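S.K.: Could you work out the structure for the sequence below:
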Amino acid sequence: MKRVLVIDDVKEFTFPADCDVQYARTLEDGFAQLERIFKLPLIEAPVEFELWLDHDLGGEDTIRPLCLSLAEMAYYDNTYPLTRIVICSLNPVGIKWMESTLSPYYPVTICDNPQKLGFLLGNSVAKWY
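M.R.: All right, here's what the predicted structure looks like:
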């Protein structure tokens, strides 16, 4: 089973049925869910765990503090067991910043249009905005 945490203020995706998907709509909720997921005693670790991130989270809120935290943890060899981070945003500057911050430590995939979404999920059904 694949587990997915999406941190995005508005987007919703149609993941395959075998995915356990959770959404966090704010940066604060994203931090809380990551901590909860990885601090819970897991009977069986997920085979795959993906983190889907948007850059702009409404108002002045962005994903940057979480990206910096993930990069700092990885720098000190204390990472979450992430199979992949998917950057799903329409902000080109934000995408480049996120990619440059995270890609030295994690596998990163960019999803900046519905065609790429179709490739990643097998469909391009999503509420983008």
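
S.K.: use CA for all of it now, contacts and neighbours both
M.R.: OK.

S.K.: Buried residues, stretch 15-22. List them.
M.R.: Buried residues in stretch 15-22, counted by 16 or more other CA atoms under 10 Å: F15, V21.

S.K.: Span of that stretch from start to end?
M.R.: Criterion CA to CA, to the nearest Å; first-to-last residue distance in stretch 15-22 is 11 Å.

S.K.: L27: what's its closest spatial neighbour, skipping adjacent residues?
M.R.: I63 (6.3 Å; CA to CA, 6 or more residues apart in numbering).

S.K.: Quick check: that neighbour touching W52?
M.R.: No - counting by CA atoms under 8 Å, I63 stays clear of W52, with 10.9 Å between them.

S.K.: about what we covered before: what's the separation between the residue nearest to L27 and L34?
M.R.: Taking CA to CA, one finds I63 at 13 Å from L34.

S.K.: Grab the most central residue of the chain for me.
M.R.: In the chain, the centroid-proximal residue (CA atoms, centre = their mean) is W52; its distance is 2.2 Å.

S.K.: what sits against that one?
M.R.: With CA atoms under 8 Å, 6 or more residues apart in numbering as the criterion, the residues that contact W52 are V4, L5, V6, I7, D8, I85, V86, I87, C88.

S.K.: 10 Å instead, please
M.R.: 4-8, 23, 84-89, 108-111 (CA atoms under 10 Å, 6 or more residues apart in numbering).

S.K.: V93 touches R64, doesn't it?
M.R.: No - contact between V93 and R64 fails when scored by CA atoms under 10 Å: they sit 11.9 Å apart.

S.K.: about what we covered before: which neighbours do I63 and L34 share?
M.R.: Shared contacts of I63 and L34, counting by CA under 10 Å, 6+ apart, come down to I7.

S.K.: phi, psi of W52?
M.R.: Torsion angles at W52 (phi, psi; degrees, to the nearest 10) stand at phi -100, psi 120.

S.K.: how near is it to F31?
M.R.: W52 is 13 Å from F31, by CA to CA.

S.K.: tell me, what's touching these two both at once?
M.R.: Common neighbours of W52 and F31 (CA under 10 Å, 6+ apart) are I7.

S.K.: What about H55, how many residues nearby?
M.R.: As a burial measure, H55 scores 24 neighbours (other CA atoms under 10 Å).
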